[in-house]
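In: Sequence and computational prediction follow.
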Amino acid sequence: MNSEPLRGVPLPRLSLPATIGPPVELGSEEPGDHVLFVYPKTGRPDRPAPAEWATLPGAKGCTAESCEFRDLADDFARIGFRILGLSSQEPDYQREAAERLHLPYPLLSDPDLRLAAELGLDTFEFEGERLYTRITLIVRAGVIDRAYRDISDPQKHPRAVLADLGG
């Protein structure tokens, strides 16, 4: 975990479309304390992932990570944290994934990579798409408290975050 460059930085005020309810106002008091996991993109069962996708460090595992956060959402809520997922995928793509995976938390759509621009988050290009590099931000009272980078096992990552937060 390398939190230092982002620790203490206020989350920028951005209104992003969400799969549940109205747009989420990041950087405001609305989301409360939350875990914002940022990921490249979820796959779709009707579109096989290109073979090259699995060879990109940190690219594979978005669906598994989303499902593990889903399974631990109540545990995070017990310690006072809301879960939010974010990628550069369009809202309709996000809605399909949220419904198919039965996610109890919203996925936010940031196709213009505004959060990346505001915070200097890493992105990469794949098949003509600009995508986020995986990172998880712990946000308390609108300020970044911790940042998890270099996530080697996206499926195990949510449980490690929960343990780190005392859950």
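Out: Everything's here; your move.
In: Now do the phi/psi pair for the residue of the chain positioned farthest from its centre.
Out: The C-alpha centroid of the chain is most remote from residue 51, which lies 23.4 Å away (CA atoms, centre = their mean). Backbone torsions of residue 51, given as degrees, to the nearest 10, read phi -60, psi -30.
In: I'd say residue 67 and residue 101 touch.
Out: Yes - in this structure, residue 67 is within contact of residue 101 by CB atoms under 8 Å, at 5.9 Å. Yep, even glycine has a C-beta here, placed from its N, CA and C like the rest.
In: Once you drop chain neighbours, what's closest to residue 97?
Out: residue 42 (4.4 Å; CB to CB, 6 or more residues apart in numbering).
In: For the one you found, give me its contacts.
Out: 62-63, 66, 87, 89, 93, 97, 101 (CB atoms under 8 Å, 6 or more residues apart in numbering).
In: what do you get for residue 140?
Out: Counted by CB under 8 Å, 6+ apart, residue 140 has contacts residue 33.
In: Could you rerun that using 10 Å?
Out: The contact partners of residue 140, taken as CB atoms under 10 Å, 6 or more residues apart in numbering, are 11, 32-34, 80-81, 146.
In: Mind naming the longest helix for the chain?
Out: The helix spanning the most residues in the chain, taking DSSP state H as the definition, is helix 62-78.
In: Any buried residues in that one, and which?
Out: 62-70, 72-73, 76 (16 or more other CB atoms under 10 Å).
In: Stretch 159-167 now?
Out: 159, 161-162, 165.
In: Rebuild those as JSON lines, extending it with distance to residue 116.
Out: Compiled in JSON lines, the buried residues of stretch 159-167 are given as follows (distance: CB to CB, whole Å):
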{"residue": "159", "distance to residue 116": "26"}
{"residue": "161", "distance to residue 116": "21"}
{"residue": "162", "distance to residue 116": "25"}
{"residue": "165", "distance to residue 116": "24"}
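In: And the residues you listed, which two are furthest apart?
Out: Using CB to CB, the buried residues of stretch 159-167 span at most 10.9 Å, a distance reached by 159 and 165.
In: how many neighbours does the residue nearest to residue 34 when sequence neighbours are not counted have?
Out: Computed as CB to CB, 6+ apart, the closest residue to residue 34 that is not its neighbour in sequence is residue 82, at 4.2 Å. Using other CB atoms under 10 Å as the criterion, residue 82 is surrounded by 18 other residues.
In: cool, residue 95 as well?
Out: Other residues close to residue 95 by other CB under 10 Å number 17.
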